[in-house]
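K.L.:
Quick one, structure for this:
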Amino acid sequence: MLDFWLNALSPLNLLLALLGVAAGTIIGSIPGLTATMAVAVLVPLTFTMAPDSALILMGAIYTGAIYGGAYAAILLNTPGTPSAIATTFDGYPMAKRGDGDLAVSIACLASVAGGLVGALALLIFAPPLAEAALAFGPVEYFWLAIFGLSLIAALSTGDFLKGVIGACFGLLIAMIGISETSAEVRFTFGSSTLLGGIETVSALIGLYCIPVLIDLVATRNKHLQEPEDTRGFRLPEAFLALARNKFNLIRSSVIGTMVGALPGAGGSIAGLVAYSEARRSNKGEEKFGEGNPGGIIATESANNATVGGGFIPTLVLGIPGTPPDAVILGALLVQGVRTGPSLFSEGADIVYTFIFGLLLATVLMLPVGLLIGRFAYRAIVQAPKAALVPAVAFMTVIGTFAIRNSVSDIVIMIVLGVIGWLASKRGFSASPIVLGLILGRIAEQGFVQSWTIGDAIGDLWGQFFGRPLSMVIIALTVLSFLYPFWPQIKKLVIKSSGEPVLDRDPAPRNAVLRDLASLVVFGGIALIAISQSASLNQEAAVFPRTIAIAMFALTALAVIKLFITRHVTEVAVEGSWLRMAAVPVLMLGAVALFPILGFQISAILMGLALILPAQHEAYSAKGWVMLVTGVAAIIFCFTLLFNEVLGVPLP
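P.N.:
Numbers count the residues shown, from 1 in each chain. A predicted model of the protein is given here:
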């Protein structure tokens, strides 16, 4: 083992690990550029390298990109990568109150800790964990997805029914396009644009980032609270937060490793499950979702642990654990390396050098992540809105386009962003919608395959409820759904004992009517989905029809509850409607100009136009020149970077 460790510490491998972590962190911090893309873009660089060095570089890029997604999640409320979704729940509130630097430091330390646990699991437990992953069949994946959906109870901001309705909406969005189980076209309404379905990352960018941009331009309030003094990395406070959450850190890292070892699960599910468990076990006074460091620790340790966990089935079984692992597996095959159980004996020099290199890259992520994080935090805090809004809007556009090189994805991203903003004002959180979108395909595939097998053997009940592993997941799901309602149950007990329970006053009539209108819209969507399912074959229709029926029933229940209680969950709209409407209108206008003026010129014009609604302060002539020049230069340089360096063919 010492020889492998010394080989990993060679100057070349050390340099590759450092560069890989830095490149991955920067790419992962840009909304739309996922860890998969970060690895795929830089894979050609590895074809002339030795296999162990190539693996170290790709593993370093992967682990850096997973961590990099935390920057945008904390500072912009937009997950840079899907695995950082749950980081937004507490990271952004911390940044809003002036603790963004602390949140970034906590995310870095938790990522390093989780990454080390995952890499050590790969080193010690690879073969047995790979065998355990094989025990998961279609029905276990279905119940795992349902277990993930149980997090809705935690994500619903004030109204559980609205959270479940939002998750059903997300599940239906995931059904758009060609069915993976029967290859039948669904819910496209004759549009060829929707044949490929709704791309998950572009939808995620729209639902999280566009509402932030719309709210940013509405008022003159600063995006983030700027601290009175420069407090650096705040490492003592960050280490203290990890010490207080040591059990949360260990549990989340183990969850990330285990979920990562399941082929196809990935960091987004791991982060959400770990967050759910951390929230459930929280006994402190600070609530999750309001800036609790434990939420960041849970998510970031779990999603970075999936890096090592995902390599377990990839190297031992030749089955990619996560999408980036599939890219890395392909690169290894190009180099003539055959993965499988024999790799750990016949190719020990390659695999063990890589594992030690992955440990090294994870350790290097600490200084690299802290330095880049501090720069990112200060840049976001100090940037004026008139520069921040155009820059972020451009990043969402080019990041969305880069995923599938599709202009249509940009339009869908903007439209979903507007829908997400409108829904958020009516108390429908974006997180359940995104959760349904991510888990939709996994749930459907497991459900349809299990239903087909059960129907063939004549035992549907036994197929879904007769397997021991399934029963364990079902039990955890039931507990996960019920636990958040324990406070309400206690209130009912107190009320029945005769002690007074304070109640809210009924909402004004106009608020009730607005809430009713939003519920009618979601009910109408459910009815349309039910109608559309009638023309599909059984395999393509069974899952979306089930979800649509459940969504309609839940909507009807929410309407009944609304008329009985007259309680409304809504968020007040502040600021100028004209400024807010200008954001999606100008972005869609730029998309319309792509075929006429080209991507770069249209993007620059969009950025310059967005300065006007975002500008709330008076600037001198020199200030205006610097602002306009800076925005144009940022867009121009990033366009060249994407086109020339990353190889994205811009329109």
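K.L.:
quick one, what contacts Ala603?
P.N.:
Remark: with contacts taken as CB atoms under 8 Å, 6 or more residues apart in numbering, Ala603 is in contact with Phe394, Val397, Ile398, Ala590, Ile635, Thr639. In this view, the C-beta of every residue, glycine as well, is placed from N, C-alpha and C.
K.L.:
no no, Phe147
P.N.:
Per CB under 8 Å, 6+ apart, neighbours of Phe147: Val273, Ile473, Leu476, Thr477, Ser480.
K.L.:
ok so, going back, how about the contacts of Ala603, which pair is most distant?
P.N.:
For those, the maximum inter-member distance is 12.6 Å, found between Ala590 and Thr639 (CB to CB).
K.L.:
Looking at these two, which is more packed in?
P.N.:
Ala590 (25 against 20; other CB atoms under 10 Å).
K.L.:
any idea how far the more buried one is from Thr396?
P.N.:
Counting by CB to CB, to the nearest Å, the separation of Ala590 from Thr396 is 11 Å.
K.L.:
Likewise for Leu358?
P.N.:
Per CB to CB, Leu358 is found 32 Å from Thr396.
K.L.:
so where do the helices sit in the stretch 301-450 of the chain?
P.N.:
Assignment of helices within the stretch 301-450 of the chain using DSSP state H, counting those that start in this stretch yields the ranges 323-334, 343-346, 348-382, 385-404, 407-425, 430-457.
K.L.:
tally of neighbours for Gly98?
P.N.:
Using other CB under 10 Å: Gly98 sits among 15 other residues.
K.L.:
Report the secondary structure state of it.
P.N.:
coil (DSSP: H, G, I helix; E, B strand; the rest coil).
K.L.:
Tell me if I'm right that it and Lys222 touch.
P.N.:
No - distance between Gly98 and Lys222: 10.3 Å, which falls outside the contact criterion (CB atoms under 8 Å).
K.L.:
Now the host helix or strand of Ala241 - C-alpha only, PDB.
P.N.:
With the criterion set as DSSP states H and E, the secondary-structure element containing Ala241 is helix 235-244. Extracted in PDB, the C-alpha atoms of helix 235-244 (Å, rounded to 0.1, in the frame of the first residue of the first chain):
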ATOM      1  CA  LEU A 235     -12.800  28.600  10.500                       C
ATOM      2  CA  PRO A 236     -13.100  28.500  14.400                       C
ATOM      3  CA  GLU A 237     -16.800  29.100  14.100                       C
ATOM      4  CA  ALA A 238     -17.100  26.500  11.200                       C
ATOM      5  CA  PHE A 239     -15.200  23.900  13.200                       C
ATOM      6  CA  LEU A 240     -17.400  24.600  16.200                       C
ATOM      7  CA  ALA A 241     -20.500  24.100  14.000                       C
ATOM      8  CA  LEU A 242     -19.200  20.700  12.800                       C
ATOM      9  CA  ALA A 243     -18.300  19.700  16.400                       C
ATOM     10  CA  ARG A 244     -21.900  20.400  17.500                       C
END
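K.L.:
which strands and helices sit next to that helix?
P.N.:
Using 3 or more CB pairs under 8 Å, 6 or more residues apart in numbering; DSSP states H and E as the contact criterion, the neighbours of helix 235-244 among helices and strands are helix 100-134, helix 293-316.
K.L.:
Okay, Leu224 and Phe89: tell me how far apart.
P.N.:
With CB to CB as the criterion, Leu224 and Phe89 are 17 Å apart.
K.L.:
Which one of these two is surrounded by more residues?
P.N.:
For the pair Leu224 and Phe89, the greater number of neighbours falls to Phe89 (27 against 22), based on other CB under 10 Å.
K.L.:
Do me a favour and average the pLDDT over stretch 34-41.
P.N.:
Per-residue pLDDT values over stretch 34-41 give a mean of 74.
K.L.:
what does stretch 337-344 give?
P.N.:
Confidence over stretch 337-344 (mean pLDDT, whole number) is 70.
K.L.:
Give me the lowest-pLDDT entry from the contacts of Phe147.
P.N.:
Ser480 (70).
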